[in-house]
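Chemist: starting from these lines, generate the structure:
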Amino acid sequence: MQRIDKFLWFARFFKSRTLAAAVVSDGRVRINGERCEKPSTMVKVGDVLTFSSGSFVRVIKVVLCGGRRGPASEARTLYDDLTPPAPVREPALATAARARGAGRPTKKERRAVDSLKAPLDRDD
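Modeler: All right, here's what the predicted structure looks like:
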């Protein structure tokens, strides 16, 4: 058994133990579906942790309790990643097609409008 803030730090999900404790204190970590708000909460082998890491939600299963914060290769042995794969997004087109007259005018369209207005602006 190990404190949750220590485990998240040992497993390299957060850069410091203070950051891990802050995330837990904010209630953004769940252990086996139950909200956890105390960094001193103990996790054990077999627990499933759910928390946000960056811009997506991570779901991990505790495999080992670490004894130290070792290299990343060692940290990956502490858990199984159960996070569902992110949906594949299609790459955006380089030039987006738009309907004529929708949105701002293009440079060519603006020049055409300016050329129509030019004779009216003269005071001869």
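Chemist: quick one: the strands in this protein, in order.
Modeler: Counting by DSSP state E, the chain has strands at residues 2-3, 29-31, 34-36, 42-43, 48-53, 56-62, 79-81.
Chemist: buried residues, the third one. List them.
Modeler: By that I understand strand 34-36. Cys36 (16 or more other CB atoms under 10 Å). To be clear about C-beta, it is placed using only N, CA and C from the backbone, and glycine gets the same treatment.
Chemist: likewise the fifth one?
Modeler: Counting neighbours by 16+ other CB under 10 Å, one finds that the buried residues in strand 48-53 are 48-51.
Chemist: over to the second one?
Modeler: Residues of strand 29-31 classed as buried under the neighbour-count rule (16+ other CB under 10 Å) are 29, 31.
Chemist: what helices or strands is that strand leaning on?
Modeler: On a contact count with 3 or more CB pairs under 8 Å, 6 or more residues apart in numbering; DSSP states H and E, strand 29-31 meets helix 4-10, strand 34-36, strand 48-53.
Chemist: let's have these in a markdown table, adding mean pLDDT and distance to Ala118.
Modeler: A markdown table is the format used below for these (pLDDT from 0 to 100; distance: least, CB to CB, whole Å):
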| stretch | mean pLDDT | distance to Ala118 |
| --- | --- | --- |
| helix 4-10 | 96 | 66 |
| strand 34-36 | 95 | 67 |
| strand 48-53 | 92 | 57 |
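Chemist: quick check, central residue of the protein?
Modeler: Ser55 (1.0 Å; CA atoms, centre = their mean).
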